[in-house]
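Asker: build the 3D model from these lines:
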Amino acid sequence: MKRLIEIRAYRLKPGTLADFHNVVVGEVMPLLAPAMDVVAFGPSPHEPDCYFLVRAYASLADLQMQQNAFYGSATWVQGPRAQVLGYIASFLNTVLWLSADAVEDLRRNNAAA
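Answerer: This is a model prediction of the structure:
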């Protein structure tokens, strides 16, 4: 079975990586992980102010439905949204199809991130 993978790459404001990661781990993931399939996330090893988030979906329609529901929720909007956005200078999303096995491999190989 194929899965649609979204890779979100963030460029953070200089010097904010540790604080951003702490907010993601402590506040964002407890909300986000139950709402959608978070495959991997963490600091990018290639640059000090870059971060990644990888999520899996059944389809583009599924991605849009889940993200609209989550990012439009009072839990997100009244929760950590403003703090998270304050750390982000820019971001880029891309999507691609992977096999279920490839998604699990991506999850395993990036679990410590």
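Asker: with adjacent residues omitted, what lies nearest to residue 59?
Answerer: Leaving aside its chain neighbours, residue 59 sits nearest to residue 4 (6.0 Å; criterion: Cβ to Cβ, 6 or more residues apart in numbering). (Glycine included, C-beta is placed from N, CA and C.)
Asker: and residue 88, by the same measure?
Answerer: Per Cβ to Cβ, 6+ apart, closest to residue 88 is residue 10, 5.5 Å.
Asker: Provide a list of residues in contact with the one you found.
Answerer: Residues in contact with residue 10, defined by Cβ atoms under 8 Å, 6 or more residues apart in numbering, are 20, 50, 51, 52, 53, 88, 90, 91.
Asker: neighbour-wise, which of the residues you listed leads?
Answerer: residue 51 (23 neighbours; other Cβ atoms under 10 Å).
Asker: would you confirm that it contacts residue 21?
Answerer: Yes. Shown here, residue 51 and residue 21 form a contact pair, counting by Cβ atoms under 8 Å, at 7.2 Å.
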